[in-house]
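1. sequence-free structure coming up:
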């Protein structure tokens, strides 16, 4: 009977000691959980102008961090020792951060790209020696597709810290065809028929006007560039047509020994 009395007294003591703490901890947990939901919704409204992937990631990250802090605080209110738990979490976070520093750099780069938008989906860009159309901007990587059917994955960390050539931002691109001609070729006569030929293409823009310029002098010949401007995305088709049309025109005009250069290229219109 004495043992029962003792246990009863101990139980009463525990109830008196811990019941208020449990009630306060439960109240704090309920209010804190509601406040976290409210803060998450507020963050969702504040980041709705950002990219969907970035907005969703930020909401999830903030929600998880706040809930973890709330649970640690509630455990401390009840009476659990949380110092060691916090130290373990800090050490684990540091270890994970060191192991994933490259990934975190890519995440930071993705955030910068999504906020400052040096390029968007649909742009044609060149970076890190690779070029192609942007198909997707992910948190860690940017996905490109080139004309050869390749899928190119660029890490956002390196991309955001390197030179980015956006070939679509101005919505104009220069198409350039190089040809090595005999040095007896009359440049005035060449411009007389080559400029109208390029202007006649329906996808060549009137401004800036097509040009015929000498880019190099060589023994026995000159390198001539035939330049025209078109809308971004049409440069490939225009480039192919101009090569064919110029080749036929060389034969019709009797231009001596035209030799198209194999590395003819397309580049952006200078500002």
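-> Received it, and whenever you're ready, just let me know what you need. Note that the coordinates shown come from a computational prediction; the quantities given were computed from them, not determined experimentally.
2. could you give the mean pLDDT of stretch 177-188?
-> Averaging pLDDT along stretch 177-188 yields 88.
3. and the end-to-end length of it?
-> End-to-end span of stretch 177-188 (Cα to Cα, to the nearest Å): 18 Å.
4. how distant is that stretch from the center of its chain?
-> Stretch 177-188 sits 42 Å away from the centroid of its parent chain (Cα atoms, centre = their mean, to the nearest Å).
5. just stretch 161-178 next, same as before
-> Distance of stretch 161-178 from the chain centroid (Cα atoms, centre = their mean) equals 16 Å.
6. How about stretch 228-244?
-> Remark: stretch 228-244 is offset 26 Å from the chain centroid, using Cα atoms, centre = their mean.
7. domain ranges for the chain?
-> Split into domains by automatic domain parsing, the chain comes to 2-99, 118-166, 172-268.
8. Need the ones you listed in a markdown table (columns: distance to residue 106 and mean neighbour count).
-> For every residue, glycine as well, the C-beta is placed using N, CA and C. Shown next, in a markdown table, are these (distance: least, Cβ to Cβ, whole Å; neighbours: other Cβ atoms under 10 Å):
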| stretch | distance to residue 106 | mean neighbour count |
| --- | --- | --- |
| domain 2-99 | 13 | 12 |
| domain 118-166 | 4 | 16 |
| domain 172-268 | 27 | 15 |
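9. which of those has the lowest average pLDDT?
-> Among these, domain 2-99 scores lowest, with a mean of 75.
10. quick one, helices of the stretch 101-250 of the chain?
-> Along the stretch 101-250 of the chain, the segments classed as helices by DSSP state H, counting those that start in this stretch run 101-116, 156-160, 187-199, 235-253.
11. Which one, of these, ends up nearest to residue 227?
-> Of all the helices of the stretch 101-250 of the chain, it is helix 187-199 that lies closest to residue 227, at 8.2 Å by Cβ to Cβ.
12. Tabulate the domains of the chain (CSV), appending distance to residue 105.
-> Shown next, in CSV, are those (distance: least, Cβ to Cβ, whole Å):
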stretch, distance to residue 105
domain 2-99, 11
domain 118-166, 4
domain 172-268, 28
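13. which one of the ones you listed lies closest to residue 107?
-> Using Cβ to Cβ as the measure, domain 118-166 is the one of the domains of the chain that comes nearest residue 107, at 5.8 Å.
14. Out of the domains of the chain, which is closest to residue 110?
-> It's domain 118-166; of the domains of the chain, that one is closest to residue 110 (Cβ to Cβ) at 4.0 Å.
15. Between the two ends of that closest one, what distance do you get?
-> End-to-end span of domain 118-166 (Cα to Cα): 8 Å.
16. same check, this time on stretch 94-107
-> Chord length of stretch 94-107, first to last residue, is 17 Å (Cα to Cα).
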